[in-house]
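# Structure, please.
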Amino acid sequence: MRQITIPGEIIASGDKYLPGEGTEKRGKDIVALKYGLMEESNNLVKVIPLSGVYLPRRGNVVIGKVENITFNGWVVDIGTAESSFLPISETPRFVSKDGLEEVLDIGDMVIAKINEINKRGVDLTIRMRGYGRIEDGMIIKINSNKVPRVIGKEGSMVSIIKDETKCEITVGQNGLIWIQGKSVEDELFAKKAIQFIVDNSFVEGLTEEVKKWFEEERK
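Below is the predicted model of the structure:
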């Protein structure tokens with residue numbers, strides 16, 4: 001169950017609870033610091049904001065656009081205040097410094113993982129399987145704070161969308177989502193389902209609502 005919180009509201013009480021993101025402990029109470037959705041897991045209480053900008057974290061999967069090519073890698077826009085960079089050394093194969101455009105060119109969309117965050121900005125990697133240039137399919141943009149709702153607990157929500165639409169889906173933590181189906185109709189169906197989740201992100205029992213939505217759409 002997730003309840004909507006307002007700043008200053010007591011959302012949990014007792015020594016067993018620990019304050020997570022968007023909360024603080026005041027005596028025995030845990031208080032919300034922002035407007036959003038309260039989530040409790042293993043006694044850790046946090047607030048998922050309903051709006052705001054993407055804050056990068058190490059290990060996040062992101063989707064970005066190549067903005068520039070330097071002599072040792074690519075500058076990629078992932079929608080953060082800091083610039084992000086993909087070094088040649090973080091690609092799955094050897095790349096000569098003359099052949100960077102063959103791997104990724106300016107304007108290409110890429111699936112990457114945040115490898116490190118430092119004073120310079122965000123460093124990316126595409127060394128693992130499933131990362132790299134996006135060749136086809138559809139990319140949509142949602143508010144990055146709605147991403148946890150689209151993914152669901154342990155990937156449960158996105159699994160439902162994949163099963164129902166027969167599409168491959170990669171959800172970037174920065175709010176960009178790649179959808180690849182056998183047809184444009186399948187991709188548009190997946191996009192419609194994701195939009196339903198985004199529009200109803202505050203609803204309790206959202207998984208059941210999404211299952212009902214698919215049943216109605218299939219009629």
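# Please count neighbours and contacts with C-alpha atoms only from this point.
OK.
# Val171 against Lys146, yeah?
No: assessed by Cα atoms under 8 Å, Val171 is found out of contact with Lys146, at 10.8 Å.
# Point out where this structure drops to low pLDDT.
1-2, 50-52 (pLDDT under 70).
# center of it - which residue?
In the chain, the residue lying closest to the centroid (Cα atoms, centre = their mean) is Gln173, at 2.0 Å.
# any idea which helix or strand carries that residue?
Taking DSSP states H and E as the definition, Gln173 sits outside all helices and strands.
# again with Ile194
Following DSSP H and E, the helix or strand that holds Ile194 is helix 184-199.
# just checking, next helix/strand downstream of that helix?
Downstream of helix 184-199, the first helix or strand assigned by DSSP H and E is helix 206-218.
# okay, now the domains of the protein?
Following automatic domain parsing, one finds the domains of the chain at 4-49, 61-133, 138-218.
# I'd like to know which of those is closest to Leu55.
When the domains of the chain are compared by Cα to Cα, domain 61-133 sits nearest Leu55, at 6.9 Å.
# Would you map the helices across the protein?
Secondary structure of the chain by DSSP state H: the helices cover 100-103, 147-151, 156-165, 184-199, 206-218.
# from the chain's centre, how far out does the second one sit?
Average the C-alpha atoms of helix 147-151, do the same for its chain, and the two points are 7 Å apart (Cα atoms, centre = their mean, to the nearest Å).
# Who is the residue lying closest to Ile140 once chain neighbours are set aside paired with across the strands?
Nearest residue to Ile140 in three dimensions, chain neighbours excluded: Ile177, at 5.3 Å (Cα to Cα, 6 or more residues apart in numbering). Note on Ile177: beta-bridge partners Ile140, Val171, judged by DSSP bridges.
# OK, contacts around Ile177?
By Cα atoms under 8 Å, 6 or more residues apart in numbering, the residues touching Ile177 are Ile63, Ile139, Ile140, Lys141, Ile142, Ile169, Thr170, Val171.
# at 10 Å instead, please
62-63, 111, 138-142, 147, 150, 169-171, 191, 194 (Cα atoms under 10 Å, 6 or more residues apart in numbering).
# Is Ile194 in contact with Val158, as I believe?
Yes: contact status for Ile194 versus Val158: in contact at 8.7 Å, counting by Cα atoms under 10 Å.
# Touching both of these two, which residues are there?
In contact with both Ile194 and Val158: Arg149, Val150, Ile151, using Cα under 10 Å, 6+ apart.
# rewinding a little: PyMOL command for the buried members of the contacts of Ile177?
Of the contacts of Ile177, the buried ones go into a single PyMOL selection, burial set by 16 or more other Cα atoms under 10 Å:
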select buried, resi 62+63+111+138+139+142+147+150+169+170+171+191+194
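# Quick check: of the contacts of Ile177, which lies closest to Ser183?
Looking across the contacts of Ile177 and measuring by Cα to Cα, the closest to Ser183 is Met138, at 10.7 Å.
# residues contacting the closest one?
Per Cα under 10 Å, 6+ apart, neighbours of Met138: Ile169, Ile177, Trp178, Ile179, Gln180, Gly181, Val184, Glu187, Leu188, Lys191.
# Show me the two of these that sit farthest apart.
Counting by Cα to Cα, the most remote pair of the contacts of Met138 is Ile177 and Val184, 15.3 Å apart.
# show me the contacts for Gln199.
Quick fix: residue 199 reads Asp, not Gln. Lys146, Ala193.
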